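Colleague: Need a 3D model of the sequence below.
(4 chains)
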Protein chains: 2
Amino acid sequence: MARDYPPIEKCDTVVIHKDVVNRVKGKMPQEETLYDLAELFKVFGDTTRIRILWALDESEMCVCDIANLLGMTQSAISHQLRILKQADLVKNRRDGKVVYYSLDDEHVKQILDKGLTHTNEK
Amino acid sequence: MARDYPPIEKCDTVVIHKDVVNRVKGKMPQEETLYDLAELFKVFGDTTRIRILWALDESEMCVCDIANLLGMTQSAISHQLRILKQADLVKNRRDGKVVYYSLDDEHVKQILDKGLTHTNEK
DNA sequence: TAGAAAGATGAACAGTTGTTCATGTAATCA
DNA sequence: TGATTACATGAACAACTGTTCATCTTTCTA
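Modeller: Predicted structure coming up:
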């Protein structure tokens, strides 16, 4: 994601607003923090994954159940569950042949709810 | 985003877990709601936009200032601000030639903070 | 009024992402 | 043990996304 940006196009405001910009620059979080944050939201930024998370908030379910519920293939769901697991949004347990997935913690629902508050009001 | 999914691969759990799956199916929000939610998080899912939002939480700024702050071109920032505005995450006001952008409401910071809580703990 | 400044925008291009298809692995059971 | 079930995964492909470049609009000013 690291890119090589071209020279900055300066305009008069860069001089006029120098103090404000420098103050903000000093208060910005670490690049890595912002990168991780974007990566997290990227995981939430897909309808399939949002539907999986919403479903798992209602009940623990196995891969096949989720596929059936959402009308998608087992493979597609399995790929998405891997992404959700890597982001620590879901956890799983194995019971024989069946692997049950569930939400990792309560943050997930909180983030979904905050997003919902915004979309409902706009 | 609407796709034509292939026939569902059934497995035994579909019968065994029928009641759970049907209950969850009944509690799922509207498809449109989940779509809008994913669209919202998609907007948060980019480092440049996250950096812009974080900067605007500190202070109202014009396009050129943001470009200068982030070391990117005016054009790139302008494109991203359009996306943020369409998602009702930022608003703007014109003062002569200069257009100042700021966060639209307090939800934005709340969503960022919830995300940060998650990334900090994992 | 002509030129410049600040910003917006369309096209193009490379990089990324989500699903499918084929196949692999772990656990169960006849 | 061999077949089957549930799930995982790599490759491939189409669709999408973010930046650049060129150009356009709006506003100010000399």
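Colleague: What mean pLDDT does stretch A:38-56 get?
Modeller: Mean per-residue pLDDT for stretch A:38-56: 98.
Colleague: again, but for stretch A:86-106
Modeller: pLDDT averaged over stretch A:86-106 gives 97.
Colleague: quick one: buried residues of that stretch?
Modeller: Residues of stretch A:86-106 classed as buried: A:87-90, A:98, A:100-101, A:103-104 (neighbour count, 16 or more other CB atoms under 10 Å in any protein chain shown). Glycine gets a C-beta too; all of them are placed from N, C-alpha and C.
Colleague: Within reach of DNA strand D, which of those residues are there?
Modeller: Restricting those to those near DNA strand D by CB under 7 Å from any atom of the strand leaves A:98, A:100.
Colleague: In strands only, show me the buried residues of stretch A:86-106.
Modeller: Among the buried residues of stretch A:86-106, the members found in strands (DSSP state E) are A:90, A:98, A:100-101, A:103.
Colleague: Let me have these in TSV, adding distance to chain B as columns.
Modeller: Output for these, formatted as TSV (distance: CB to the nearest CB, whole Å):
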residue	distance to chain B
A:90	12
A:98	6
A:100	10
A:101	12
A:103	12
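Colleague: Would you mind listing the two of those that lie farthest apart?
Modeller: Using CB to CB, those reach their maximum pairwise distance at A:98 and A:103, which is 17.9 Å.
Colleague: per-residue confidence at residue A:12?
Modeller: Confidence at residue A:12, expressed as pLDDT, is 88.
Colleague: Let me see the contact set for it.
Modeller: Not one residue lies near residue A:12 by CB atoms under 8 Å, 6 or more residues apart in numbering or on different chains.
Colleague: what's the distance between it and residue A:31?
Modeller: Distance of residue A:12 to residue A:31, given as CB to CB, to the nearest Å: 28 Å.
Colleague: ditto for residue A:86
Modeller: With CB to CB as the criterion, residue A:86 and residue A:31 are 21 Å apart.
Colleague: do the same with residue A:38
Modeller: Counting by CB to CB - residue A:38 and residue A:31 are separated by 11 Å.
Colleague: on that earlier part again, redo the ones in strands among the buried residues of stretch A:86-106 as TSV? Include distance to residue A:60.
Modeller: Output for those, formatted as TSV (distance: CB to CB, whole Å):
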residue	distance to residue A:60
A:90	10
A:98	11
A:100	5
A:101	7
A:103	9
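Colleague: List just the nearest of those to residue B:73.
Modeller: residue A:90 (38.4 Å).
Colleague: how much space is there between residue A:19 and residue A:72?
Modeller: From residue A:19 to residue A:72 the distance is 53 Å (CB to CB).
Colleague: which one of those two has more residues nearby?
Modeller: Each of residue A:19 and residue A:72 has its neighbours counted (other CB atoms under 10 Å in any protein chain shown); residue A:72 has more, 20 against 8.
Colleague: Surely that one touches residue A:47?
Modeller: No: contact criterion CB atoms under 8 Å: residue A:72 and residue A:47 do not qualify, at 10.7 Å.
Colleague: Could I get the full set of helices for chain A?
Modeller: Secondary structure of chain A (DSSP state H): helices at A:12-16, A:18-27, A:31-44, A:47-58, A:63-70, A:74-86, A:107-121.
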